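> compute the structure for the input listed below.
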Amino acid sequence: MNQRTTRGKMTRRTFLASTAALSAASCATVPHVVTGAAAAKTPANERLNLGAIGFGGMGAGNIRNLSGEQFVALCDVDTEYAEPIFDAFPEARRYADYREMLAAESDLDGVVIATPDHTHAVIAMAAIKAGKHVFCQKPLAHDVYECRMLAQAAAEAGVVTQMGIQGHAGNGTRTVVECIQAGVIGEVREVHAFCTDSYYPWGHESWSPKEGRVPEETVPVPDTLNWDLWLGPAAARPYHPCYHPRAWRAFQAFGSGWMADRGAHSLDSVKWALNLGHPTRISATSTGTTDEMHPVSAVVTFEFPKRGKMPPATVTWYTGLHVPRPAEAPAGEQIGDATGGVLYIGSEGLMTCDTYGERPRLLPAARMEKFKAPEPSIPRVEGESIEGDWVRAIRSGTKACADFSYSGPLTEICALGNIAKRFEDAPIEWDGDAMTVTNLPDANKYVRTAYREGWSL
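This is a model prediction of the structure:
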């Protein structure tokens, strides 16, 4: 079966219909700058001129949530996959190469990036160097070095940046942080975060790797796809539909696995609530990590030192598994949600929330009957929109809530988890300031992965 012709293609009509439905449903709570209805209310000369790079997947949703602004330039390497968005904005100028777009579109205020993980950093860095504000989908980058350099470059350039972790703009995450930092469950030394989803079977139904090998058959590159640009800085390899679209996330060369795909969401409230910096030791076990593929399931444990008055903390991440139920959590009381979440274990109780930091609650459930959350101490984001907060920050000249100074270090944690899965025989010892694995020299080649010739950050 041809995956490219059966992938749930969205037509221009369904895209426009979904945009209208989103706008109608959101008008009561979302600030006018991010609703479709805003386009008629905001004078054209007051709207931001935006470009979008990569929008076959999550990028389409970001564009819908920013439809009150003006998308004047669109860039995607696959004209078939991107067709609904291209058709929805017939007046926008079209590009396949982001470098050509940034060179030609000097009047852009900002860009939205939602390409595969391995191209996030080179595109975001090019946009920063061009003086553009940047909204980048999670995870921010593919390795630790890219995260560090993006955060540094954004700070030096003074542009407004944001990573697309929608839960960070939500009231639920803020409530979790306020409760943990107010000591509602006492000192927190142990946290468990999980995602029960798995990429298995890898790739598309027509192909599944054996022992982590790449497919051997030769498949012609579709006329609608610029495969060389899709590869970007990754090492050259023949095209195969098991990589694009969507299934690239399972491959080490292109995606960051569930560790960063879902971990960027679930570990957000953990990093924020516990004021986490660099972990000092990371250990992992998995069902089998190869140079080619992320594992079906894994357990990664991060050890963080004392931070101010906060005690040392151990954070454990589970891919394809559920958090083991502690004795204090009665059977039948849900931890997280059906597919993931977080469990905080404090000296005076338990707290859980879902994958995106929403539905925070105490365990056992009986504790919620008389519970009153602390008075809000963290400013709320109007409409709880991560895209809208980026627009607000651009217009006000302030920082966005998940800018690269925050989301860069968050993504570094996830990237370190992926390194640890490659070295399961021993924990990796991490010197965050020096950006170096101190006990396993071979691990450092994954801290900063090599680009193919002609590509640089």
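
> where does residue 299 sit, in terms of helix or strand?
strand 298-304 (DSSP states H and E).

> pairing partners for the helix or strand following that strand, with directions?
Using DSSP H and E, the helix or strand that follows strand 298-304 in sequence is strand 313-319. In the sheet, strand 313-319 lines up against strand 188-195 (parallel), strand 298-304 (antiparallel) (DSSP bridges).

> out of the ones you listed, which is closest to residue 457?
Taking C-beta to C-beta, strand 298-304 is the member of these nearest to residue 457, at 25.7 Å. For the C-beta atoms, the positions are set from N, CA and C on the backbone; glycine is no exception.

> so how far is that closest one off the chain centroid?
19 Å (C-alpha atoms, centre = their mean, to the nearest Å).

> got the CA positions of it in CSV?
C-alpha atoms of strand 298-304 as CSV (Å, rounded to 0.1, in the frame of the first residue of the first chain):
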residue,chain,number,x,y,z
ALA,A,298,13.4,2.4,28.0
VAL,A,299,13.9,3.6,31.6
VAL,A,300,16.2,6.6,32.1
THR,A,301,17.2,8.0,35.5
PHE,A,302,18.6,11.5,36.0
GLU,A,303,20.4,12.5,39.2
PHE,A,304,20.4,16.2,40.0
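
> quick check: mean pLDDT across it?
Averaged across strand 298-304, pLDDT comes to 98.

> show me where the stretch 301-450 of the chain has its helices.
Counting by DSSP state H, counting those that start in this stretch, the stretch 301-450 of the chain has helices at residues 386-396, 404-420.

> can you redo the ones you listed as CSV with mean pLDDT?
Converted to CSV, the helices of the stretch 301-450 of the chain look like this (pLDDT from 0 to 100):
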stretch, mean pLDDT
helix 386-396, 97
helix 404-420, 98
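
> Serialize those to JSON lines and add fields for mean neighbour count.
Output for the helices of the stretch 301-450 of the chain, formatted as JSON lines (neighbours: other C-beta atoms under 10 Å):
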{"stretch": "helix 386-396", "mean neighbour count": "22"}
{"stretch": "helix 404-420", "mean neighbour count": "26"}
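
> including distance to residue 320, could the strands paired with strand 313-319 go into CSV?
Compiled in CSV, the strands paired with strand 313-319 are given as follows (distance: least, C-beta to C-beta, whole Å):
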stretch, distance to residue 320
strand 188-195, 7
strand 298-304, 7
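
> residue 264 is nearest to which of these?
Nearest of the strands paired with strand 313-319 (C-beta to C-beta): strand 188-195, 10.9 Å.

> and the contacts of the strand holding residue 299?
With contact meaning C-beta atoms under 8 Å, 6 or more residues apart in numbering, strand 298-304 is reached by 259, 274, 276-287, 289, 312-321, 413, 416-417, 420-421.

> avg pLDDT for stretch 67-86?
95.

> from residue 117, how far out is the spatially most central residue of the chain?
Ranked by distance to the mean C-alpha position of the chain (C-alpha atoms, centre = their mean), the top residue is residue 138 at 1.8 Å. Counting by C-beta to C-beta, to the nearest Å, the gap between residue 138 and residue 117 amounts to 9 Å.

> again, but for residue 330
39 Å.

> who has more neighbours out of the two?
Neighbour comparison, residue 330 and residue 117: the larger count goes to residue 117, with 25 against 11 (by other C-beta atoms under 10 Å).

> follow-up on the earlier one: mind listing what's buried in the strand holding residue 299?
Within strand 298-304, the residues scored as buried using 16 or more other C-beta atoms under 10 Å are 298, 299, 300, 301, 302, 303, 304.

> please apply the same query to stretch 72-80.
72, 73, 74, 75, 76, 77, 78, 80.

> can you give me how far stretch 251-271 is from the chain middle?
6 Å.

> for stretch 416-433, same thing?
For stretch 416-433 - counting by C-alpha atoms, centre = their mean - the centre lies 21 Å from the chain centre.

> looking at the helices of the stretch 301-450 of the chain, spot the one closest to residue 123.
helix 404-420 (13.5 Å).

> circling back: redo the buried residues of stretch 72-80 as JSON lines? Include secondary structure and distance to residue 185.
Putting those into JSON lines (DSSP: H, G, I helix; E, B strand; the rest coil; distance: C-beta to C-beta, whole Å) gives the following:
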{"residue": "72", "secondary structure": "strand", "distance to residue 185": "49"}
{"residue": "73", "secondary structure": "strand", "distance to residue 185": "48"}
{"residue": "74", "secondary structure": "strand", "distance to residue 185": "47"}
{"residue": "75", "secondary structure": "strand", "distance to residue 185": "46"}
{"residue": "76", "secondary structure": "coil", "distance to residue 185": "46"}
{"residue": "77", "secondary structure": "coil", "distance to residue 185": "47"}
{"residue": "78", "secondary structure": "strand", "distance to residue 185": "47"}
{"residue": "80", "secondary structure": "coil", "distance to residue 185": "50"}
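
> so what does the helix or strand containing residue 50 touch, helix or strand wise?
Assigned by DSSP H and E, residue 50 belongs to strand 49-53. Helices and strands touching strand 49-53, by 3 or more C-beta pairs under 8 Å, 6 or more residues apart in numbering; DSSP states H and E, are helix 58-65, strand 70-75, helix 98-104, strand 110-113.

> now do the strands in the stretch 151-300 of the chain.
161-164, 188-195, 281-286, 298-304 (DSSP state E, counting those that start in this stretch).

> show me where pLDDT drops low in this protein?
Within the chain, the segments meeting pLDDT under 70 span 1-45, 200-213.
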